[in-house]
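[1] Provide a 3D model corresponding to the input given below.
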Amino acid sequence: MAFCTQCGARLAGGERFCTQCGAAIAAAAPPPASPELPAPIPLAPAPAPTAQRRALGLPALLLAMAGAGLVYWIAMPADPPKRPPVAGAQTTAPPPVASPVATAPPVATAPPAPAAPPAPVAPPVAAPPPEPAGSWRFFSNEDGIVVLHEKAGAGADEPALFRLSCVPEDRVVIAQSRGLIDDAVEQAAEKGELALMLTAAAAAQKLPGYVARAPEATVAAFEAPATPALLALLADGSLTIAAPGLAVRIASDDARAALKQFAAACPPAPAAADPQGWGSYTSLLHGYRLELPKALLRLQSGDRNGRLYTAERGILELRIYGEVNALDQKFPAVVAALAPDIDKVTLRRTGKDFMVLSGYAGSRIVYFLGRATCNAANVAFINLAYDPEANDYYAPIITRIAQSFLKDTLPDGKPLCP
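    Have a look, this model is predicted:
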């Protein structure tokens, strides 16, 4: 049923004008055509579309995909079951969903340590150069068993570049190097870090060092017991010698021959029978000999007239000294000039050819023993100073040192003075 669009009167249908108001009646529009549904997505490759179908295919495809997604979203359960990953596919974890419930903050973890830098490659160590031009010679005399390395063209009074001595009375090997003696070497000697390194193809040994002073020169000296291992090392033809200011590789025939003669002539030292390593120090120049706990003491410095030993325990200092009685003075007078200053004397004993003093210098214990040697042609003394806390430890050691110092002969009965 139709109605007039102007006055609303009911129309019978088919009128061109309203019977009430005379308004023209518009012809009814045809019903709208149904929209064309998109073609279904083919399951198999289709023949190439015509130009018209190609133009309409993409919008239709997008519309179909959107509709399918909407249907899937409506039908999808709130918590879909987890599906196993497809074999061979790469899966990624979904981003975390914020929870309304407050949770503890994540525990901070330390950042990964940076990768360590590659270890530096040490440069190749160059072999020591062969011995400087010169000569090596071996001899044995009143000074001991000796090897000298002398510079080519050196005068008779010029000291050797390197000297190796064996003292049969003490069974020790002493090396002396005329390398550079500077403040660094002096400090190394004070700290007990100065050393001579002997290295061969199959063995090596370090000889502790000290600074030896003499009127004509100051040299670095090194001393160790003449053990069979040390003597075998010296006789090895592949020997190298290294010390501050000295680097020598034994290469010449005369050097090898001299060192082999030295090793064969030097009597080996027996193994130390106690932890204190008792040995001896002999001065044939001044006619005395002492037994010393060499494992306890460290040789700090020395020369032809004496030595200074130290020990950490009780901060001990042991000075050994000898000199020629050039003025032919009587014993009490010459030894009195050498005696230390003692604030409080607790023991004084004087004999025909000896003097003993003991007491305190400040807070330290002092022990002094002087004696005439070689029929009063020489005088020698020992002087010890140490902290009182170490008195019980050092008392038996000092007794043994003093008893050996008062003897006039070597252990084999030979006299110390010719």
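
[2] helices along the stretch 101-250 of the chain, start to end?
    183-191, 228-234 (DSSP state H, counting those that start in this stretch).

[3] let me know how buried the nearest residue to Glu190 once chain neighbours are set aside is, in neighbour terms.
    The shortest distance from Glu190 to any non-neighbouring residue, by Cβ to Cβ, 6 or more residues apart in numbering, is to Gln300 (7.1 Å). Bear in mind the C-beta positions are built from the backbone N, C-alpha and C, glycine included. For Gln300, the neighbour count with other Cβ atoms under 10 Å is 17.

[4] what does the one 10 residues further on give?
    Each residue near Thr310 was counted by other Cβ under 10 Å, and the total is 15.

[5] wait, Ala195 sits on Ala243?
    Yes - taking contacts as Cβ atoms under 8 Å, Ala195 lies within contact range of Ala243: 7.4 Å.

[6] report the residue spans of the stretch 51-200 of the chain with pLDDT below the cut-off.
    51-133, 143, 154-156 (pLDDT under 70).

[7] which SS class is Ala255?
    With DSSP: H, G, I helix; E, B strand; the rest coil as the basis, Ala255 sits in helix.

[8] burial count for it?
    22.

[9] quick one: closest of the helices of the stretch 101-250 of the chain to Ala395.
    Across the helices of the stretch 101-250 of the chain, Ala395 has its closest neighbour in helix 183-191 (27.7 Å, Cβ to Cβ).

[10] against which helices or strands is that closest one packed?
    strand 204-213, strand 298-303 (3 or more Cβ pairs under 8 Å, 6 or more residues apart in numbering; DSSP states H and E).

[11] same list, those, but as a markdown table with mean pLDDT and distance to Ser177 please.
    A markdown table is the format used below for the helices and strands packed on helix 183-191 (pLDDT from 0 to 100; distance: least, Cβ to Cβ, whole Å):
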| stretch | mean pLDDT | distance to Ser177 |
| --- | --- | --- |
| strand 204-213 | 92 | 9 |
| strand 298-303 | 91 | 15 |
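
[12] TSV please, covering those strands and showing distance to Ile145.
    Below are the helices and strands packed on helix 183-191 laid out as TSV (distance: least, Cβ to Cβ, whole Å):
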stretch	distance to Ile145
strand 204-213	16
strand 298-303	19
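
[13] now for these, which one comes closest to Ala152?
    strand 204-213 (24.6 Å).

[14] what sits up against the closest one?
    Around strand 204-213, the neighbours that count as contacts under Cβ atoms under 8 Å, 6 or more residues apart in numbering are 173, 175-176, 181, 185-186, 188-189, 192, 194-198, 218-224, 229-230, 233, 243, 298-303.

[15] could I have the buried ones of those residues as ChimeraX selection syntax?
    Entered in ChimeraX, the line below selects the buried ones among the contacts of strand 204-213, by 16 or more other Cβ atoms under 10 Å:
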select :173,175,176,181,185,188,189,194,195,196,198,218,219,220,221,222,223,224,230,233,243,299,300,301,302,303
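
[16] which parts of the stretch 101-250 of the chain are strands?
    134-141, 144-151, 162-167, 172-177, 195-199, 204-213, 218-225, 240-243, 246-249 (DSSP state E, counting those that start in this stretch).

[17] how far away is Gly362 from Thr346?
    Using Cβ to Cβ, to the nearest Å, we find Gly362 at a distance of 14 Å from Thr346.
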